[in-house]
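Asker: sequence unknown, structure follows:
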């Protein structure tokens, strides 16, 4: 999926999209594709729209490459893990700065 986005889709809305995970239901009916993006909420909305628009093409390409009898429907979900990791890093940095300030009166 990541390769298809990088090489075959020329939509500027998807420029900063990175595929982080994919989960397929046991019956192969649905593939949940998780992605992250660098940017603000506006870019996130644009990326979601771009992925929705490319969904049919991506599914057709997967059908030719995977040669499955059933090609799953694609669902795109924003992966919050990157943003949560950044928030934790920021909080830890703040704690370290406060501790350093207390140690040097």
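Answerer: Right, received. Where do you want to start? Owing to the predicted nature of the structure, the values given are computational and were not obtained by experimental measurement. Numbers count the residues shown, from 1 in each chain.
Asker: please report how far residue 88 lies from residue 77.
Answerer: Computed as CB to CB, to the nearest Å, the residue 88 to residue 77 distance reads 21 Å. (Each C-beta comes from the backbone N, C-alpha and C, glycine too.)
Asker: between the two, which one's more packed in?
Answerer: Neighbour count, other CB atoms under 10 Å: between residue 88 and residue 77, residue 77 has more, with 14 against 10.
Asker: what are the boundaries of the strands in the chain?
Answerer: Under the criterion DSSP state E, strands of the chain are mapped to 17-24, 30-37, 73-78.
Asker: buried residues of the first one, list them for me.
Answerer: Residues of strand 17-24 classed as buried by neighbour count (16 or more other CB atoms under 10 Å): 17, 19.
Asker: within its sheet, name the partner strands of it and how each one runs.
Answerer: In the sheet, strand 17-24 lines up against strand 30-37 (antiparallel) (DSSP bridges).
Asker: the shortest one too?
Answerer: Sheet pairing for strand 73-78, assigned by DSSP bridges, gives strand 30-37 (parallel).
Asker: re the thing from before, residue 93 is nearest to which of the strands of the chain?
Answerer: Proximity to residue 93 (CB to CB) singles out strand 30-37 among those, at 20.8 Å.
Asker: that closest one: which residues count as buried?
Answerer: For strand 30-37, by 16+ other CB under 10 Å, it's 31, 33, 34, 35, 36, 37.
Asker: tell me where the chain has helices.
Answerer: With helices called from DSSP state H, the chain shows them at 2-8, 41-66, 81-103.
Asker: quick one: which of those helices is nearest residue 24?
Answerer: Closest among those, using CB to CB: helix 41-66, at 10.5 Å.
Asker: tell me the angle the closest one makes with strand 30-37.
Answerer: With axes from the mean of the first three to the mean of the last three CA atoms, to 10 degrees applied, the angle from helix 41-66 to strand 30-37 works out at 140 degrees.
Asker: done for today, thanks.
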